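Undergrad: The following comprises the amino acid sequence and a computationally predicted model.
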Amino acid sequence: MRKIIGVKKPTLSEKHDREIQYTLDPLPLVVYNLLHMKDKIVSWIKGQVKDANAKGIVLGLSGGIDSAVVAALSQRAVGKNNVLALFMPCNSNPTDLKDAKLVAKELKLKAKLVDLSGVYNNFLKILPGAPGLAKSNLKPRLRMATLYYFANKLNYLVCGTGNKSELMVGYFCYDEKTRVLTKKGLKSYKELKPKDTVFSLDLRTNRVVESRVKKVYTFNYDDKMFVYGGRKSSKIDIMVTPNHRMLIERKGIVELCRADQLPRRSTPTPIPKPWVGTQNPSGIFKFDNSKMGVNARHFSPISIDDFLYILGLYIGDGHAQICSVNHNVKESLDPTRWRDPGTGKFILKDIPILKKKYDGYRTWFALPKDTLARSKLVAILKKNKIVYGLTLYQVWVYGKPFYKAVIKAGVGAHVKHIPLEILNYPARYLSRLLEGLLESDGDKRGHYYTVSIQLAEQIAELGCKLGKNVSIITRPARTSLRKDGVKIKCSKSYEIYIQKEGRHWIDGAKFRRIHYCGKVWCPDVPETHNLLVERNGRFIFCGNTKYGDGGVDILPIADLLKRQVRALARELNIPESVITKPPTAGLWQGQTDEGEMGITYNDLDDILDRMSRKKKQKLSPGKLKKVKGMLMRSEHKRKGADICRI
């Protein structure tokens, strides 16, 4: 049997009705299959716990419908013995605690009471006076800290209880053009995966460190975003939602600050300290002389500084090749053939000359005479007794060991790159590599030119690890015509600008509000809560989603509107008193969610559903404007987490 849920009065006469329809008049009929919805979420929770190698779920049971539904789904996913429900009253309504205990009893869950009222009251005593909202928002932050305490103690995941109607007003993220620099180059939100290695700033030491991405969150967004920089002369280019976390430095202290609360003056971003590295070389580079003949050319060890400078020159202006070499040799004859048979004396005889063919290994450096790089290279080769040759425009070195050492950086301009193990070296060694790069295919201003996209992105990583500011300009492929009529074809190229230091300046009074309709996204980097991002070739360390109050690990019902949660609650046999009670976060005495928002969940769901399906709004302009304002301000919901998509 099917039932229709109206827009104003959502009701169900049968608790076990498996297929439910409701209409958003005058929109077409939308069908939700509750059995499918429930099974999918249960399976999803089970998979999340398994993937995280966790032992169970911890959640806050508030006495409201959302937490009750999540508790029931979690119990079905991991079993009642692997779910811990926390009652966390904080000067709360006693009825809420009564309802929460009722739900835990019905579901036979392990439960624990942690009364935060005393902690909250003592907190207020040591804090300066503030408006009511600032005081009230302490409550969810205290609950978050409590949840994570038990999660860390038990190796459980913190399960959030937010639904789509609530979370649509609480994201802070990047736009689609923003990418992240990883150890494998720049990646968009579609390409970035959990466990990818990104570069972050350790806020305790102010050093660049490698961090792992835990999750990547994406959401649909249709509202205002803040743009800082982005113009041709700007050194930064970042587009974020108003409550996104920016990384700034105030009075020598590095901190995260909301984009819409940045100081109304030029404020510096932190300068990263030099990278300490994850691999420390011995200081000596040894050539591979294995499998070399006795008479072949062997190479003695040289300092790692000298080798990295040579490698930088090779990446910029070098070429290595294996070539066939023909060499004249005299035939070895048996001495008995030289003896006169009659006298037994040796006789003179012309020994035939033979041509022998073998492989030769040659490394070329395109360094014209009287250039600084050429004179430095020759001095290094002389110091280390490496045989070399010179032409007017080139320096060359013969030898297989030398060839094998530089060939790891690739052959051909389009595939040149820095060997990955070298990028793990400490900054003091990487600076020598950068010196060789700039003196080969760069200039004194700090500009480097290449046609290799991999190399361009690696130089951005190199600059980041050296505490420098980097930007990349992409030059499209083009064809030019010389005066003599010859066409010159130029492939796509990249100009990397490596500035002297890594400091940007952000002015909270100078930004643009732009209406944006599309995907917003953010990665979860739990170790550092920030990462190096890029937009239109400009790089900056910036905040990420998993920071601040209200953090959770997973959100099972975040793709369900409030009316869908109500329907699912009846399917899960949640007590009717919990389903019908007015939703409240318990921020203050008598507070209700609908009263605080100034709009009912029915109207909110109606508008959100129409916006997500890009249908024309037929509700009052005042309500529509209010919801769009909520989407931009997002005062309470500051976290994104794993969302089970239905």
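TA: Structure's in. What do you need? Quick caveat, the model's predicted, so the values are computed rather than measured.
Undergrad: From now on I want contacts and neighbour counts done on CA atoms only, so please keep to that.
TA: Fine.
Undergrad: for residue 218, what are its contacts?
TA: Contact partners of residue 218, counting by CA atoms under 8 Å, 6 or more residues apart in numbering, are 189, 519-522.
Undergrad: pLDDT check: weakest of the residues you listed?
TA: Of all those, residue 522 has the smallest pLDDT value, namely 83.
Undergrad: And that residue, how far from residue 224?
TA: 17 Å (CA to CA, to the nearest Å).
Undergrad: swap in residue 314?
TA: For residue 314 relative to residue 224 (CA to CA), the value is 48 Å.
Undergrad: Likewise for residue 302?
TA: From residue 302 over to residue 224 the distance is 58 Å, taken as CA to CA.
Undergrad: likewise residue 234?
TA: 21 Å.
Undergrad: So for the two, which sits in the more crowded spot?
TA: residue 224 (20 against 10; other CA atoms under 10 Å).
Undergrad: The more buried one: which element?
TA: Here residue 224, judged by DSSP states H and E, is contained in strand 215-229.
Undergrad: In contact with residue 361, which residues are there?
TA: So residue 361 contacts 320-323, 398-400, 403 (CA under 8 Å, 6+ apart).
Undergrad: Narrow these to those in helices?
TA: 400, 403 (DSSP state H).
Undergrad: Can you select the buried ones from the contacts of residue 361 in ChimeraX?
TA: Selection of buried members from the contacts of residue 361 for ChimeraX, criterion 16 or more other CA atoms under 10 Å:
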select :320,398,399,400,403
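Undergrad: Pick the one among the contacts of residue 361 closest to residue 498.
TA: residue 320 (27.3 Å; CA to CA).
Undergrad: Torsion angles phi and psi at the nearest residue to that closest one once chain neighbours are set aside?
TA: Among residues not flanking residue 320 along the chain, residue 363 sits closest, at 4.3 Å (CA to CA, 6 or more residues apart in numbering). As for residue 363, its main-chain torsions (degrees, to the nearest 10) stand at phi -120, psi 120.
Undergrad: so how far is residue 89 from residue 363?
TA: Noted for residue 363: a distance of 73 Å to residue 89, by CA to CA.
Undergrad: Isn't residue 202 up against residue 210?
TA: No: Residue 202 is not in contact with residue 210 according to CA atoms under 8 Å; the separation is 9.3 Å.
Undergrad: Spit out the residues that contact these two alike.
TA: In contact with both residue 202 and residue 210: no residue, using CA under 8 Å, 6+ apart.
Undergrad: Next one: the residue nearest to the spatial centre of the chain relative to residue 457, how far apart?
TA: Taking CA atoms, centre = their mean, the centroid of the chain lies closest to residue 180, which sits 4.8 Å from it. From residue 180 over to residue 457 the distance is 11 Å, taken as CA to CA.
Undergrad: what residues are shared contacts of those two?
TA: Each of residue 186 lies in contact with both residue 180 and residue 457 under the rule CA under 8 Å, 6+ apart.
Undergrad: can you pull out the strands in the stretch 51-200 of the chain?
TA: Remark: strands assigned in the stretch 51-200 of the chain by DSSP state E, counting those that start in this stretch are 56-60, 83-87, 110-113, 156-158, 179-182, 185-187, 197-202.
Undergrad: now the helices for the stretch 451-600 of the chain?
TA: For the stretch 451-600 of the chain, the helices defined by DSSP state H, counting those that start in this stretch cover 453-465, 562-571, 576-580, 593-597.
Undergrad: out of these, which comes closest to residue 44?
TA: So among the helices of the stretch 451-600 of the chain, helix 562-571 is nearest, using CA to CA, at 16.0 Å.
Undergrad: Which strands and helices lie in contact with the closest one?
TA: helix 34-51, helix 65-78, helix 576-580, helix 601-612 (3 or more CA pairs under 8 Å, 6 or more residues apart in numbering; DSSP states H and E).
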